[in-house]
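Asks: Sequence and computational prediction follow.
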Amino acid sequence: MANKLRVYWPGDQLCHSCFYAAMRTHGICPLCGHDGVLPGRANHTDPRPVCLTCSGIPGNFTCRTCKQEGEIYRNGVCARCALRDDLCRILLHHPADSAAMETLIEVLCGVDRPESILTWKRSQKVLEMLGGITSGAIPLTHDGLTAAGRGKHIGHLRSILEHHGLLPPRDEHLARFEEWLSAKLGAVASPAVRAPIEQFATWHHLRRLRSESQPGQSSDGPKRSAKQEITETIKFLTWLENTHGRTAVDCTQHDVDEYLASGPTTRHLIRTFFVWAKSSRINTGVQIGFRQARTTPTITQEQRLAWLKELLTGNAESLPYRVAGVLVLLYAQPLTKIAALQSTVISQADGQTLIALGKQPIPVPEPFASQLNYHLRHRPNLRTTGGAVGTPWMFPSSRPGWHLDPQTIMHRLRWVGINTLGSRNTALKELVAQVPAPLVAEMLGYSDQVTQKHAADAGNTWAAYASTAPERSSVIPPRQQPQPVPHFAHADNGDQLTLDLTDDDIDDGAPPASPVQALLDALDGAADTVTQARAAVTAAEEELAQAVLHAYRSGFTWTRIAARLGISPQAAHQRWAARARNPAEHDRPGNAHDTQDP
C-alpha cells in the first residue's frame with residue numbers, strides 16, 4: 001500500500017508514504033510567510049517546502065475541530081480529533097471514575113502518532129478492555145491489568161501508562177516469573193517435593209531477583225536461569241522420590257552421582273539447590289562441583305572481519321540490528337547490555353565520536369562512527385513511545401518506554417547467520433591479544449577475571465606485556481619450540497630445491513637401497529611400533545581401570561573421580577560403572593580389557 005499512488009498534485013504524484021511525510025512537514029512558508037503545513041514545492045529547482053497556496057495544491061486540509069492544517073482523517077477532522085471523539089464515546093459513557101478516564105484520554109490522544117492508537121483500538125479485545133476500565137471492572141493498577149488477562153493489548157496499555165507516570169514502573173520479567181512460579185508449584189503433586197522447592201525458589205531465587213530488580217532494566221537473563229534451575233530441581237526430587245523413596249533431606253551423594261551420570265548435562269543445574277540446601281542445613285552431605293564447559297564457541301578472525309564488513313556496508317538486516325551486531329563483533333558486548341544501552345553513551349569530542357561501554361568513553365572508528373550517529377538520529381519506534389515524553393533507549397521497542405528484548409536481537413542476528421556467543425568470544429580474544437587484559441576490562445565494562453581468562457586462553461598473560469613489542473614477537477613458549485626440520489636451499493641453477501646435508505649424514509660404506517625396499521622396511525618398522533604402542537596403551541588402560549575401581553570402592557564418587565581425570569561424570573559412569581557392579585563378570589580372562597593382540 002505504501003508504494004501505491006495517493007494523490008496527484010500539480011507537478012507531483014505522491015504515494016501513501018510520501019503523502020504522509022509531506023502532510024507532517026510544518027513551518028513557515030519561505031515565499032509568503034504562512035505558518036502551517038508545508039507539503040509542496042514551488043518548482044522542481046527549488047527544494048524548499050512551501051505552503052498549500054504557494055504550491056498550488058487544491059483541497060481543504062484544515063481540521064474543522066482544532067483548526068490545524070494537516071491530513072484529514074475522516075469527516076473533515078484530523079486523526080487526533082477523531083481519536084478523541086472515539087475515546088470520549090467509550091471512556092466517558094457512565095464512567096466509574098471520570099477524572100481517571102479524562103486523564104487516560106489525554107494520555108492516549110497525546111501520543112505522537114494518534115493513527116497508531118486508532119489502529120490499536122479497532123481490536124475487539126481492546127474495546128472490551130476499555131469498556132471494563134470505564135465500568136471499573138478493571139482497575140487502572142498493575143494488579144487490575146494482570147487480573148484482566150494476558151495479551152499484547154494489555155501490555156501495550158500498561159506500557160503507555162507506565163511511560164506517562166500513571167502507573168509505577170515495574171520489572172515485567174520479574175512479574176512474569178512470579179506468575180510462572182505460582183503455576184509451577186501448583187503443578188507439583190507431592191508435598192515432599194513441593195516443600196523444599198517452594199523454599200528454594202522463594203528464599204533464594206525470588207528474593208535475589210527482587211533485590212536486584214531495577215525499573216527500566218531487564219531481568220530476563222536471571223529469570224531464565226532461575227526457571228531452569230527450579231525446573232531441573234523439580235525433576236531430580238521427583239526422580240529421587242519415585243526411584244529411591246527419599247527426599248531432599250535424606251538424599252545421598254550416590255543418588256546425586258547416579259542421577260548426574262545417567263542424563264544430559266543440564267542436570268548439573270541442581271548444584272545451586274544443594275548449595276542452598278547446605279547453607280540452610282537441609283542437606284549438608286551432598287557436594288556437586290562446578291561444571292566446566294569442554295569447548296568454547298568461537299569463530300575465526302576471517303569470519304569476524306567478513307561479518308563486520310557485511311554489517312557495515314551490506315544490507316543483511318535493518319540498521320538497528322546491524323549496529324547491535326557490530327557492537328558484538330567489534331567490542332565483544334553481550335546482548336543484554338547492548339539492548340539496555342541508552343543514547344547518552346554516545347558523545348562527541350573534538351570532532352570524534354565516543355562510546356561509553358566501561359569506565360571511560362573510547363573512540364569509535366569509521367565507518368562505524370557514521371553508522372552509529374545515523375542510527376542515533378533515525379532510531380525507529382520513537383513515535384510509538386508516547387507524546388512529549390522521550391525514550392532514553394538506544395534501541396527502542398515498539399512498546400512505549402521499553403528497549404528491544406535481547407532475545408529479539410539474538411534471533412535476528414542468528415537468522416542472518418551470526419553466532420553471537422562465538423563472535424563475542426573471538427572479539428574478546430583478539431582484543432586481549434592486542435591490549436593488556438586489565439585495560440580491556442576497564443574500557444569495555446568486563447571484570448578482570450573474565451579478560452584475564454581470555455588472555456590466558458589466548459596465550460597472552462599480563463606478564464608478557466612487560467616486555468617490549470619486538471621481544472614479545474620473538475618469544476616462543478618452550479612447549480611450542482619448533483622441532484628441527486631438514487633445511488632446503490635453492491640451487492644455483494633453475495628452481496629446483498636441493499637438500500643441504502652435512503658429511504655426517506652420508507654413510508659411504510652402505511650401498512644405496514632401492515626405493516621399494518626402503519618403503520617396505522619403513523612399513524615393517526611402523527607396524528612393529530604400532531603393535532608395541534597398542535600393547536602399552538592396553539596395559540595403561542587396565543592400570544587406570546584398576547585405580548578407578550579402587551577409588552570407587554574406597555568411597556570416591558564418580559563426580560570426584562571424573563574431576564581428577566578431567567572428564568565428565570557421565571563418561572566415567574559409562575566407562576567403569578558396569579565393571580564396578582559386577583567385577584567377577586568383567587575381570588575374567590578373555591574379556592575385552594584383558595585381550596592381547598596376536
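Replies: Now that the structure is in, tell me what you want to look at. Note that the coordinates shown come from a computational prediction; the quantities given were computed from them, not determined experimentally.

Asks: how about the strands of this protein, start to end?
Replies: 5-9, 12-15, 26-28, 35-37, 40-43, 46-50, 346-349, 352-355, 362-363, 488-490, 497-499 (DSSP state E).

Asks: how about the fifth one: buried residues?
Replies: Under the neighbour-count criterion of 16 or more other C-beta atoms under 10 Å, strand 40-43 has 40-42 buried. C-betas here are computed from N, CA, C, even on glycine.

Asks: where do the helices sit along the stretch 151-300 of the chain?
Replies: 152-163, 172-186, 191-200, 207-212, 220-244, 253-261, 271-279 (DSSP state H, counting those that start in this stretch).

Asks: Output the ones you listed as JSON lines; include the columns mean neighbour count.
Replies: Formatted as JSON lines, the helices of the stretch 151-300 of the chain follow (neighbours: other C-beta atoms under 10 Å):
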{"stretch": "helix 152-163", "mean neighbour count": "20"}
{"stretch": "helix 172-186", "mean neighbour count": "16"}
{"stretch": "helix 191-200", "mean neighbour count": "18"}
{"stretch": "helix 207-212", "mean neighbour count": "12"}
{"stretch": "helix 220-244", "mean neighbour count": "18"}
{"stretch": "helix 253-261", "mean neighbour count": "20"}
{"stretch": "helix 271-279", "mean neighbour count": "19"}
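
Asks: For stretch 367-378, which outside residues touch it?
Replies: If you take C-beta atoms under 8 Å, 6 or more residues apart in numbering as the criterion, stretch 367-378 is touched by 312-313, 319-320, 322-323, 326, 330, 343, 346, 352-353, 355, 364, 394.

Asks: Apart from its neighbours in sequence, what residue is nearest the residue nearest the centre of the chain?
Replies: The structure's the chain has its C-alpha centroid closest to residue 335; by C-alpha atoms, centre = their mean the separation is 4.2 Å. Closest residue to residue 335 apart from its sequence neighbours, by C-beta to C-beta, 6 or more residues apart in numbering: residue 406 at 4.2 Å.

Asks: my read: the one you found touches residue 173, true?
Replies: No: with contacts counted by C-beta atoms under 8 Å, residue 406 stays clear of residue 173, the gap being 10.8 Å.

Asks: how many other residues sit next to the spatially closest residue to residue 265 that is not a sequence neighbour?
Replies: Spatial nearest neighbour of residue 265, excluding adjacent residues (C-beta to C-beta, 6+ apart): residue 291 at 6.8 Å. Residue 291 has 16 neighbours, counted by other C-beta atoms under 10 Å.

Asks: Kindly report the same for residue 94.
Replies: What residue 94 shows, counting by other C-beta under 10 Å, is a neighbour count of 7.

Asks: ok, now how distant is it from residue 86?
Replies: Separation of residue 94 from residue 86 (C-beta to C-beta, to the nearest Å) stands at 17 Å.

Asks: now residue 147
Replies: Taking C-beta to C-beta, one finds residue 147 at 26 Å from residue 86.

Asks: Look at these two and report which has more neighbours.
Replies: More crowded of residue 147 and residue 86, by other C-beta under 10 Å: residue 86, with 18 against 11.

Asks: Hmm, residue 122 and that one touching each other?
Replies: No: Residue 86 is beyond contact range of residue 122, at 9.9 Å (criterion: C-beta under 8 Å).

Asks: Residue 260 versus the residue nearest to residue 265, what's the distance?
Replies: On the measure of C-beta to C-beta, residue 291 and residue 260 end up 9 Å apart.

Asks: Residue 145 now?
Replies: For residue 145 relative to residue 260 (C-beta to C-beta), the value is 43 Å.

Asks: on that earlier part again, can you lay out the buried residues of strand 40-43 as CSV showing pLDDT and distance to residue 448?
Replies: Formatted as CSV, these follow (pLDDT from 0 to 100; distance: C-beta to C-beta, whole Å):
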residue, pLDDT, distance to residue 448
40, 86, 61
41, 83, 60
42, 77, 63
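
Asks: just those residues now: which is nearest residue 79?
Replies: Distances from residue 79 to the buried residues of strand 40-43, taken as C-beta to C-beta, are shortest for residue 40 (20.7 Å).

Asks: How about the contacts made by the spatially closest residue to that closest one that is not a sequence neighbour?
Replies: Sequence neighbours aside, residue 55 is the residue nearest to residue 40 in space, at 2.5 Å (criterion: C-beta to C-beta, 6+ apart). Taking C-beta under 8 Å, 6+ apart, we find residue 55 in contact with 9-10, 39-42.
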